[in-house]
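S.K.: model this:
(one chain, ligands or ions: 1)
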Amino acid sequence: METVVSGIRSTGNLHLGNYYGAIQNFVKMQYEYNCFFFIADLHSLTTHPTPENLHGNVKQVLVEYLAAGIDPEKATIYIQSDVPEISELYLYLNMNAYLGELERSTSFKDKVRANPENVNAGLLTYPVLMAADIIIHKATKVPVGKDQEQHLEMARTFANRFNRLYKNEYFPEAFAFNFSANLVKIPGLDGKGKMGKSEGEGNAVYLSDSPEAIRKKVMRAVTDGGPTSENQEKPVEIQNLFDIMKVVSSTETLKHFDNLYNNCQIRYGDLKKQLAEDIIIATTPIRERINDIANDVDYLRKVAGLGAEKARESAGKTIREVREIIGFRRF
Ligand code: TYM
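M.R.: Predicted coordinates:
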């Protein structure tokens with residue numbers, strides 16, 4: 001059976017982008033593959049959380065994984081920092097990752113632009129840690145959103161380089177995956193780029209948002225003055241709302257509003273109302289479970305403990321073999 005690995009950084013509540021880009025695939029894949037889904041708390045250290053925030057955010061992602069339907073009996077759910085073998089592999093891969101290629105990563109460049117005062121080495125080698133996450137379990141499929149495509153390419157580069165250096169076809173290549181064939185990018189509500197945690201207030205709809213909060217955010221989404229001629233191309237902020245509708249609403253609803261747009265009869269207020277209600281329908285069962293699971297600390301402890309054990313078993317086997325391949329041998 002093929003192995004699947006994916007993770008989400010512990011930097012706060014999960015949003016619709018995380019859900020449709022990653023988690024929805026996790027839930028489906030757990031029945032068909034040998035799955036490892038983790039909480040990337042080591043990656044979150046690049047932005048220096050306080051100890052309280054770190055712990056709270058890890059808990060939040062764990063709760064939301066479970067609330068979204070990841071079954072700890074089917075998939076291995078674990079916290080990245082519970083598996084020290086990942087950090088060890090990261091160190092080995094770092095010896096073989098070059099400054100030039102790391103500096104060329106678009107997400108690194110974006111982060112440097114956004115936070116020029118915090119360009120740390122962890123940020124630079126973020127894709128190396130991500131490669132370690134994936135190849136530690138010899139995964140071949142990685143369910144992620146479109147924004148992670150370049151990181152996956154880098155993971156293949158590092159794995160192949162290790163294989164070449166040690167003349168050993170040890171690590172397989174891993175590819176980004178989405179059940180819909182194409183990787184998705186869920187846009188935000190601000191009329192600009194993708195939905196994201198750090199893109200400003202009101203841009204992201206969280207799985208834990210109340211119906212009132214969702215209605216408020218969607219009604220405030222950026223729109224234009226409306227179409228002026230039939231079948232005209234949609235400006236980006238309008239296309240964004242249709243793109244969100246594509247994942248949360250029925251095809252009939254989407255077609256209905258598309259026709260209204262094309263006939264210049266659309267009323268954005270109606271579109272937004274429908275969009276908000278469809279988001280509420282999609283997220284309500286998850287939100288309700290979030291509240292229940294968050295209160296069950298015993299259950300969370302059990303899930304994290306079991307996950308750590310299973311993940312370490314798999315990672316331990318790899319690291320023992322890697323040490324042997326590199327030439328660390330016992331006297
Ligand atoms: P992160 O935490 O930024 O995002 C987690 C997952 O959600 C997806 N995603 C989106 N998909 C579609 N539209 C959006 N607007 C959107 N926003 C986020 C991301 O593509 C991702 O799949 N580096 C990773 C975490 C990670 C990882 C790994 C992933 C660490 N190690 C190993 C896979 C394998 C990250 O920062 O994702």
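S.K.: Would you pull up how far the helix ranked longest in the chain lies from the middle of the chain?
M.R.: With residue count as the measure and DSSP state H as the assignment, the chain has helix 297-326 as its longest helix. Distance of helix 297-326 from its chain centroid, counting by CA atoms, centre = their mean, to the nearest Å, is 21 Å.
S.K.: Please name every helix or strand in contact with that helix.
M.R.: strand 34-40, helix 51-68, strand 76-79, helix 84-94 (3 or more CB pairs under 8 Å, 6 or more residues apart in numbering; DSSP states H and E). All C-beta spots, glycine's among them, are computed from the backbone N, C-alpha and C.
S.K.: tell me which residues in the shortest one are buried?
M.R.: For strand 76-79, the buried set under the neighbour-count rule, 16 or more other CB atoms under 10 Å, comprises 76-79.
S.K.: Ok, the last one next?
M.R.: By neighbour count, with 16+ other CB under 10 Å as the criterion, the buried positions of helix 84-94 are 85-86, 88-90, 92-94.
S.K.: Tabulate those in TSV, adding columns for distance to the ligand.
M.R.: Shown next, in TSV, are the buried residues of helix 84-94 (distance: CB to the nearest ligand atom, whole Å):
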residue	distance to the ligand
Glu85	14
Ile86	9
Glu88	16
Leu89	12
Tyr90	11
Tyr92	17
Leu93	13
Asn94	15
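S.K.: so which of those residues comes closest to Met195?
M.R.: The shortest distance between Met195 and any of the buried residues of helix 84-94, using CB to CB, involves Ile86 and amounts to 27.7 Å.
S.K.: Point out the residues in the protein that sit beside the ligand.
M.R.: Where the chain comes near the ligand, counting by CB under 6 Å from any ligand atom, the residues are 5-9, 17-18, 21-22, 40, 43, 130, 133-134, 142, 144-145, 147-148, 151, 184-186, 194-196.
S.K.: Compute the mean per-residue pLDDT across stretch 4-22, please.
M.R.: Rounded to a whole number, the mean pLDDT of stretch 4-22 is 97.
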